[in-house]
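> Test case, fold it:
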Amino acid sequence: MSAFKHPDFNERMKAAASARKTALEKFRERPTASDPEFAERQAGKAAARAARDARAAERRSARAAEKLAAQEAARLAAEAAVAAREAELREQAERELALKAEQKALRDARYAARKAKKR
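Here you go, the predicted structure:
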């Protein structure tokens, strides 16, 4: 196996020139705007971009609809809780009134019995 030979200056210059030449050829091979293949690729990219934007808009609108539905559900739950609390308070007030009426009736009965006993 032979040892690595260090390239001299001329060989390095040739290698650099050939690299520049291949890069220039590669650049020249790029399609131009008048190329039908280029136009087709650009149209495909535009269609893909439009589809991606449409899907993103659909996701945003779905998220907004979900958020509105969640807010509506929370509002309805809060209204139901308020209504339940009001009903509970009404029932409690009615029970207190009934209790006071019962206590008054018992008190009046005791008073009437005391009065009847004195006569």
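> Phe38: neighbour count?
By the measure other Cβ atoms under 10 Å, the count of residues near Phe38 is 13. From N, CA and C alone the C-beta is placed, and that goes for glycine too.
> The one 4 residues further on too?
Look at Gln42: counted by other Cβ under 10 Å, it has 13 neighbours.
> again, but for the one 5 residues further on
Counted with other Cβ under 10 Å, residues neighbouring Ala47 total 10.
> Secondary structure element for it, which one?
Using DSSP states H and E, the element containing Ala47 is helix 36-118.
> Show me the contact partners of the lowest-mean-pLDDT helix or strand in the chain.
Every helix and strand in the chain was compared by mean pLDDT, DSSP states H and E; the lowest is helix 9-28, with a mean of 90. Applying Cβ atoms under 8 Å, 6 or more residues apart in numbering, the contact partners of helix 9-28 are Pro7.
> quick one: buried residues of that helix?
Within helix 9-28, no residue is scored as buried using 16 or more other Cβ atoms under 10 Å.
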